[in-house]
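S.K.: Sequence and predicted structure below; questions after.
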Amino acid sequence: YHDYAILSEPDTAVRALRLAISRAVAHVVRNGMWLLGIEVPERM
């Protein structure tokens, strides 16, 4: 996130792609933690 800003990206296509990747990563992390029995906060 430090090298590739998401919300301040001027190109809307790139911004949408980065948001989609961020959502997918959040989904994978949440499911992985659920499998391990670890509760995660709704928002970090």
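M.R.: Yep, that arrived. Numbering: from 1, shown residues only.
S.K.: What ranges does this structure have for its helices?
M.R.: 12-36 (DSSP state H).
S.K.: who's sitting farthest from the centroid in it?
M.R.: residue 37 (20.5 Å; C-alpha atoms, centre = their mean).
S.K.: residue contacts, residue 6?
M.R.: 15, 18-19, 22 (C-beta atoms under 8 Å, 6 or more residues apart in numbering). In this view, the C-beta of every residue, glycine as well, is placed from N, C-alpha and C.
S.K.: try it again with 6 Å
M.R.: Residues counted as contacts of residue 6 (C-beta atoms under 6 Å, 6 or more residues apart in numbering) are residue 18.
S.K.: Tell me where the protein is predicted with low confidence.
M.R.: The chain contains residues with pLDDT under 70 at 1, 44.
S.K.: how far away is residue 41 from residue 29?
M.R.: In this view, residue 41 and residue 29 are 12 Å apart by C-beta to C-beta, to the nearest Å.
S.K.: Which one of those two is surrounded by more residues?
M.R.: residue 29 (12 against 5; other C-beta atoms under 10 Å).
S.K.: Now the more buried one: closest residue in space that isn't a chain neighbour?
M.R.: Distances taken as C-beta to C-beta, 6 or more residues apart in numbering put residue 40 closest to residue 29, at 7.4 Å, once the chain neighbours are dropped.
S.K.: what about residue 36, how many neighbours?
M.R.: Neighbour tally, residue 36, other C-beta under 10 Å: 7.
S.K.: For it, give its distance to residue 29.
M.R.: Residue 36 is 11 Å from residue 29, by C-beta to C-beta.
S.K.: pretty sure the residue nearest to residue 29 is touching residue 34, no?
M.R.: No - counting by C-beta atoms under 6 Å, residue 40 stays clear of residue 34, with 8.1 Å between them.
S.K.: that older thread, quick check on the residue nearest to residue 29: phi, psi?
M.R.: With angles defined as degrees, to the nearest 10, residue 40 sits at phi -120, psi 150.
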